[in-house]
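Visitor: fold the following.
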Amino acid sequence: MALKFNVCQRTVIKTLQACNVSTHKKIHTEEEFKTYCKARELFNLGLQTNQIKQYFSIQKVNAEVVIHVLKENFGDRV
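Guide: Take a look at the predicted model:
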């Protein structure tokens with residue numbers, strides 16, 4: 001990812017940590033890559049690490065709430 005985004009390895013690690021993606025994997029899933037790309041976008045817009053961590057925490061909570069509501073309304077069909 002360092003080459004693709006023209007950043008140093010330390011920046012890659014900082015970005016992965018900010019969006020809660022494993023820093024121990026050599027190959028990431030497409031979803032993890034998309035998450036990394038969004039985090040880089042947010043850094044490039046000037047957000048700080050703690051703001052990016054909050055953003056991804058909120059995204060996770062929102063997804064969990066949506067799943068809960070869907071299950072409440074549609075049961076096993078979700």
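Visitor: if you average pLDDT per helix and strand, which one of this protein comes out bottom?
Guide: helix 2-5 (a mean of 77; mean pLDDT, DSSP states H and E).
Visitor: what helices or strands is that one leaning on?
Guide: helix 9-18 (3 or more C-beta pairs under 8 Å, 6 or more residues apart in numbering; DSSP states H and E). In short, each C-beta sits where N, CA and C put it, glycine included.
Visitor: tell me which stretches of the protein form strands.
Guide: Counting by DSSP state E, one finds no strands in the chain.
Visitor: at which residues are the helices of the chain located?
Guide: In the chain, the helices defined using DSSP state H lie at 2-5, 9-18, 30-44, 49-74.
Visitor: which stretch in those helices has the least confidence?
Guide: Note on these: lowest mean pLDDT is at helix 2-5, with a mean of 77.
Visitor: contacts for that one, please.
Guide: Cys8, Gln9, Thr11, Val12, Arg40 (C-beta atoms under 8 Å, 6 or more residues apart in numbering).
Visitor: same check on stretch 14-21?
Guide: Contacts of stretch 14-21 (C-beta under 8 Å, 6+ apart): 1, 7, 22-23, 28, 32, 35-36, 38-40, 43, 49, 52-53, 56, 60.
Visitor: pull out the buried positions in that stretch.
Guide: Lys14, Thr15, Leu16, Ala18, Cys19, Val21 (16 or more other C-beta atoms under 10 Å).
Visitor: ChimeraX command to pick out the buried ones of the contacts of stretch 14-21?
Guide: The command below creates a ChimeraX selection of those among the contacts of stretch 14-21 that count as buried (16+ other C-beta under 10 Å):
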select :1,32,35,36,38,39,40,43,52,53,56
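Visitor: closest to Asn73 among the buried residues of stretch 14-21?
Guide: Using C-beta to C-beta, Cys19 comes nearest to Asn73 of these, at 29.9 Å.
Visitor: I'd like the buried residues of stretch 14-21 written out as CSV, with distance to Glu72 added.
Guide: What follows is the buried residues of stretch 14-21, written out as CSV (distance: C-beta to C-beta, whole Å):
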residue, distance to Glu72
Lys14, 38
Thr15, 35
Leu16, 34
Ala18, 32
Cys19, 29
Val21, 30
